[in-house]
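**Q** Here is my input; please provide its structure:
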Amino acid sequence: MLIERRLPTDPEVAALIMTQQRELAEAERAGRPVDPVGFPVHDDARYLVCVLDGRAVACGAVQALDAQTAEIRHVYVRPAYRGRGIARHLLTALEESAYAAGHTVFRLETGSYLPVALHLYASAGYARIPVYGEYVGNPYSVCFEKRIPVAAA
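**A** Predicted coordinates for the structure are as follows:
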């Protein structure tokens, strides 16, 4: 498994985003709630892609909220590759990318209808926090935060 940085305009990033959008649209047609914010591409985010057997199978992004805080966004694994620990490896790589950029607080948002994601973030040390930013007012948003202690000099 290779995790590498890609530009937000990369065709494989776009393909993963479109696949994720289709999956959410199918969930909506099935009568389950769908995040109305959707999956916009952010030009100022740092995207990471997980490549397995030459194929981009997962993606995620880190976007600075301020000098201390980064948001982990758009974590997605293709359905055929789920259950292999890819999301956990990708989450760790996203955290390392945020930390390398000087961030010590990581935030993220997921949907209340995504129990696997809720479990992943809780088991990775994230604590639930009140919804923030663009997620305020979305009844399906669940937000998390993880703080990395700053080493004393």
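
**Q** by contact count, what packs against the lengthiest helix in the chain?
**A** Of all the segments of type helix in the chain, defined by DSSP state H, the longest one is helix 11-29. For helix 11-29, the packing partners by 3 or more C-beta pairs under 8 Å, 6 or more residues apart in numbering; DSSP states H and E come out as strand 46-52, strand 55-64, strand 69-77. Any C-beta I mention is one placed from the backbone N, CA and C, and that applies to glycine too.

**Q** Swap in 6 Å and give it another go.
**A** Counting by 3 or more C-beta pairs under 6 Å, 6 or more residues apart in numbering; DSSP states H and E, the packing neighbours recorded for helix 11-29 are strand 55-64.

**Q** what mean pLDDT does the strand it packs on have?
**A** Per-region confidence: strand 55-64 scores 95 on mean pLDDT.

**Q** Sheet-wise, list the partners of that strand with their directions.
**A** Based on DSSP bridges, the strands next to strand 55-64 in the sheet, each with its direction, are strand 46-52 (antiparallel), strand 69-77 (antiparallel).

**Q** if you compare the ones you listed, which one is most tucked away?
**A** Across the strands paired with strand 55-64, averaging neighbours per residue (mean count of other C-beta atoms under 10 Å) puts strand 69-77 on top, at a mean of 23.

**Q** List of residues touching it?
**A** Here strand 69-77 makes contact (C-beta atoms under 6 Å, 6 or more residues apart in numbering) with 16, 20, 58-65, 86-87, 94, 98, 103, 105-108.

**Q** Can you select the buried ones among those residues for me in PyMOL?
**A** Typed into PyMOL, the line below selects the buried ones among those, using 16 or more other C-beta atoms under 10 Å:
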select buried, resi 16+20+58+59+60+61+62+63+64+86+87+94+98+103+106+107+108
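
**Q** how far away is the closest residue in space to Glu23 that isn't next to it in sequence from Met1?
**A** Leaving aside its chain neighbours, Glu23 sits nearest to Pro79 (7.4 Å; criterion: C-beta to C-beta, 6 or more residues apart in numbering). Taken as C-beta to C-beta, to the nearest Å, the spacing of Pro79 relative to Met1 amounts to 17 Å.

**Q** more neighbours, the two?
**A** Comparing Pro79 with Met1 by other C-beta atoms under 10 Å, the one with more neighbours is Met1, at 14 against 10.

**Q** before we move on, the earlier item: turn the strands paired with strand 55-64 into TSV, including mean pLDDT and distance to Arg128.
**A** Compiled in TSV, the strands paired with strand 55-64 are given as follows (pLDDT from 0 to 100; distance: least, C-beta to C-beta, whole Å):
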stretch	mean pLDDT	distance to Arg128
strand 46-52	95	24
strand 69-77	94	15
